[in-house]
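S.K.: only geometry, no sequence info:
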């Protein structure tokens with residue numbers, strides 16, 4: 001019995017690590033913009049993904065022990081991944097990607113918008129959220145690795161970095 005329980009928990013740990021890494025890679029592929037502000041559709045997506053992968057992590061073990069093993073594994077893997085990102089900046093760059101410049105000296109960088117899959121309307125919304133009226137007044141706008149857009153404008157002699165609602169349990173990506 002004890003060996004069976006140990007094998008079951010080992011299976012949960014391995015499955016949980018595999019699911020975690022899959023979700024990190026999937027979010028990295030689909031872009032950091034998706035993390036910045038969760039719409040209703042994004043929230044439903046997150047809820048459904050969590051429900052879909054739950055069984056893949058714990059299998060038939062729906063006991064308290066199985067759930068705690070899966071949750072503990074997620075905390076440990078997340079801690080280790082963040083440690084490696086901190087300790088090895090190159091690794092962090094692979095996992096999170098780079099910041100993407102969207103506006104430079106009042107000019108929209110169209111190719112960067114396309115790469116980040118951000119519409120001009122979304123960019124304008126971010127600029128207005130920072131209290132800047134037009135693109136021409138923006139010295140620099142950057143899509144950060146966490147999906148937020150930072151806007152700097154010398155005309156107003158201030159830096160504006162507005163944090164959007166970000167689901168912090170998701171790993172950031174490009």
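M.R.: Sure, I can see it. Here the structure is a predicted model, which is why all the values come from computation and not from measurement.
S.K.: Please parse this structure into its domains.
M.R.: Structural domains assigned to the chain are 2-96, 100-161, following automatic domain parsing.
S.K.: most packed of these?
M.R.: domain 100-161 (a mean of 16; mean count of other Cβ atoms under 10 Å). C-beta: built from backbone N, CA, C; applies to glycine.
S.K.: How is residue 150 assigned, secondary-structure-wise?
M.R.: Using DSSP: H, G, I helix; E, B strand; the rest coil, the structure places residue 150 in strand.
S.K.: Do you know the pLDDT at it?
M.R.: Note for residue 150: predicted pLDDT of 89.
S.K.: before we move on, the earlier item: which of the domains of the chain has the lowest average pLDDT?
M.R.: Among these, domain 2-96 carries the lowest mean pLDDT, a mean of 81.
S.K.: quick one: that domain to chain centroid distance?
M.R.: 13 Å (Cα atoms, centre = their mean, to the nearest Å).
S.K.: now residue 85, what's its secondary structure?
M.R.: Looking at residue 85 with three-state DSSP, the answer is helix.
S.K.: All the helices of the chain, residue numbers only.
M.R.: Per DSSP state H, the chain carries helices over the ranges 2-30, 33-36, 40-58, 64-87, 89-96, 110-116, 120-129.
S.K.: could I get these as a markdown table with distance to residue 141?
M.R.: Shown next, in a markdown table, are these (distance: least, Cβ to Cβ, whole Å):
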| stretch | distance to residue 141 |
| --- | --- |
| helix 2-30 | 22 |
| helix 33-36 | 13 |
| helix 40-58 | 22 |
| helix 64-87 | 25 |
| helix 89-96 | 19 |
| helix 110-116 | 10 |
| helix 120-129 | 7 |
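S.K.: Residue 150 is nearest to which of these?
M.R.: Closest to residue 150 of the helices of the chain, according to Cβ to Cβ: helix 120-129, at 9.0 Å.
S.K.: who touches that closest one?
M.R.: 102-103, 108, 113, 134-135, 138, 141, 149, 151, 162 (Cβ atoms under 8 Å, 6 or more residues apart in numbering).
S.K.: Could you list which of those belong to strands?
M.R.: Among those, the ones falling in strands (DSSP state E) are 102-103, 108, 141, 149, 151.
S.K.: Make CSV from those residues and add distance to residue 96 to it.
M.R.: Listed next are these as CSV, based on distance: Cβ to Cβ, whole Å:
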residue, distance to residue 96
102, 17
103, 21
108, 24
141, 19
149, 16
151, 21
